[in-house]
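Colleague: Provided below are the primary sequence and the corresponding predicted coordinates.
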Amino acid sequence: MAPWAVVAAALCIAASPAAAVTPLRAEAALERVLGADPATAREHLPFTRRSNASGRIAGSLAESMAAAGVPRAALVEPLRALTATLDVARDTADGDRFWVRHERAFTLDGQPTGIGRVLWLEVASARKGRVAIHRFRASGAAREAFWLASGEGTEATAIRLPLDTISVSSGFGMRADPFDQPSGSALAMGPAPRPAASPAPGNVNMATPLGISLGLSPGGATTRPTTRSVLRRGALSLHAGVDFVADPGTPVHAAADGVVLGAHYKGAYGNWIEIVHGAGLATVYGHLSAYAPGTVAGAAVERGQVIGYVGNTGRSTGAHLHFELVVDGRPVDPMKHGGLGRTRLSGADLARFEKAVEADLAEAAREGKPR
């Protein structure tokens, strides 16, 4: 426990009516805790001051908020949280407004202690509209976190998709073997081209109409899978992963922290990587053109680390990445796995959070927050 917290606890005990502690006993308690003159100790007792900072962006958002009085170190956590929905560099511009409610501890003589912390923050971006994050601790959570005003979490998902921009050319499920199609057919010629339409939220496109018309499933399998996929000629077979069409050489990222189980040429997969992530989770990456330096069996990798590059090796009809997600030895649809979605408050937690947001907004209105 920090010294100031120990002192505060001692004072609380001393001030408790139930404890019936006399001033002399309180002095003695302080002296025992600090081993110093209690009068001197009082000069360093902290108190918490809450403050507001607001203004317009001039240069960067971080520099503008720091110039408005928010401790720089206290901005690290909320700026990271903002990236859940806002590209701070691209989605903010000079003239956009911000509002920050923050707190910091001070000694009795007015000297700041600690780095402080942001309680809630709002950015009014001309490009993205209003984005606000509020500090809140959900039931059972070990610590507080930032949540969007909608109740959606801002912390990174358990797993990420392996490409920065996703275009699904073949989904998880039963499909025809691309190599078993008549020569010259669209399916035999390779993955469908990337759709011209803008990506869906999260940079994810749905399966292309052409792919669906040729029997490529954008959703779950029609039968429960029991093993990894092995393509069978002349029949539908389980495609136990998802194919993402991308240009050759596009960087492929590890979906989560883990250890490389294998990285070598593996039959139909071509250049293949498998990573185990713990808790029964593993991911597989196929048809790579090359491996990133250091991607070898036994190597530890971090979420988002480049592990290889998109290619057309193995049993492949065109440049793409085959990506599998395996849970407890069974393939699951990566696009539907719960680890990809951000946490969302519900029930009693959501009700408490909504009340906290209302209180934040009411307090800000009283203190003159710009609309």
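Modeller: Sure, I can see it. Numbers count the residues shown, from 1 in each chain.

Colleague: make it CA atoms for all contacts and neighbour counts henceforth
Modeller: OK.

Colleague: any idea how far Trp147 is from Gly110?
Modeller: According to Cα to Cα, to the nearest Å, Gly110 stands 32 Å off from Trp147.

Colleague: next: Ile166.
Modeller: Between Ile166 and Trp147 the computed distance is 26 Å (Cα to Cα).

Colleague: so the two - more neighbours on which side?
Modeller: Comparing Ile166 with Trp147 by other Cα atoms under 10 Å, the one with more neighbours is Trp147, at 25 against 20.

Colleague: what residues are up against the more buried one?
Modeller: When the contact criterion is Cα atoms under 8 Å, 6 or more residues apart in numbering, the partners of Trp147 are 133-136, 153-154.

Colleague: farthest pair in the residues you listed?
Modeller: With distances taken as Cα to Cα, the most widely separated pair in these is Phe136 and Thr154, at 11.4 Å.

Colleague: overlap in contacts of the two?
Modeller: Common contacts of Phe136 and Thr154 (Cα under 8 Å, 6+ apart): 145-147.

Colleague: which ones among the residues you listed map onto strands?
Modeller: Using DSSP state E, 145-147 are the members of these that sit in strands.

Colleague: make CSV out of those and add pLDDT and distance to Ser54.
Modeller: Converted to CSV, these look like this (pLDDT from 0 to 100; distance: Cα to Cα, whole Å):
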residue, pLDDT, distance to Ser54
Ala145, 91, 22
Phe146, 94, 19
Trp147, 94, 20
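
Colleague: of these, closest to Ser51?
Modeller: Comparing those against Ser51 with Cα to Cα picks out Phe146 as the nearest, at 18.3 Å.

Colleague: in which helix or strand does the residue nearest to that closest one when sequence neighbours are not counted reside?
Modeller: On the basis of Cα to Cα, 6 or more residues apart in numbering, the spatially nearest residue to Phe146 that is not a chain neighbour turns out to be Arg135, at 4.5 Å. Using DSSP states H and E, Arg135 sits in strand 129-136.

Colleague: elements contacting that strand?
Modeller: Using 3 or more Cα pairs under 8 Å, 6 or more residues apart in numbering; DSSP states H and E as the contact test, the elements touching strand 129-136 are helix 76-82, strand 112-125, strand 145-148.

Colleague: quick one, which of these is nearest to Asp360?
Modeller: Taking Cα to Cα as the measure, the helices and strands packed on strand 129-136 were each checked against Asp360, and strand 112-125 came out nearest at 8.0 Å.

Colleague: name every strand pairing with the closest one and say which way it goes.
Modeller: Counting by DSSP bridges, the strands paired with strand 112-125 are strand 97-107 (antiparallel), strand 129-136 (antiparallel).

Colleague: can I get the longest one as PDB, trimmed to CA atoms?
Modeller: Put plainly, it is strand 97-107. Output in PDB follows, covering the C-alpha atoms of strand 97-107 (Å, rounded to 0.1, in the frame of the first residue of the first chain):
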ATOM      1  CA  ARG A  97     -13.500  19.800 -29.900                       C
ATOM      2  CA  PHE A  98     -12.600  17.700 -26.900                       C
ATOM      3  CA  TRP A  99     -13.700  17.400 -23.300                       C
ATOM      4  CA  VAL A 100     -11.900  15.500 -20.500                       C
ATOM      5  CA  ARG A 101     -12.900  14.900 -16.900                       C
ATOM      6  CA  HIS A 102      -9.800  13.800 -14.900                       C
ATOM      7  CA  GLU A 103      -8.600  13.600 -11.400                       C
ATOM      8  CA  ARG A 104      -5.300  13.700  -9.600                       C
ATOM      9  CA  ALA A 105      -4.000  13.500  -6.000                       C
ATOM     10  CA  PHE A 106      -2.300  16.500  -4.400                       C
ATOM     11  CA  THR A 107      -0.500  17.100  -1.100                       C
END
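
Colleague: residues in contact with the residue nearest to Arg160 when sequence neighbours are not counted?
Modeller: Counting by Cα to Cα, 6+ apart, Arg160 lies nearest to Ala255, which is 4.7 Å off, once chain neighbours are set aside. Shown here is Ala255, whose contacts under the criterion Cα under 8 Å, 6+ apart are 159-162, 283, 303-304.
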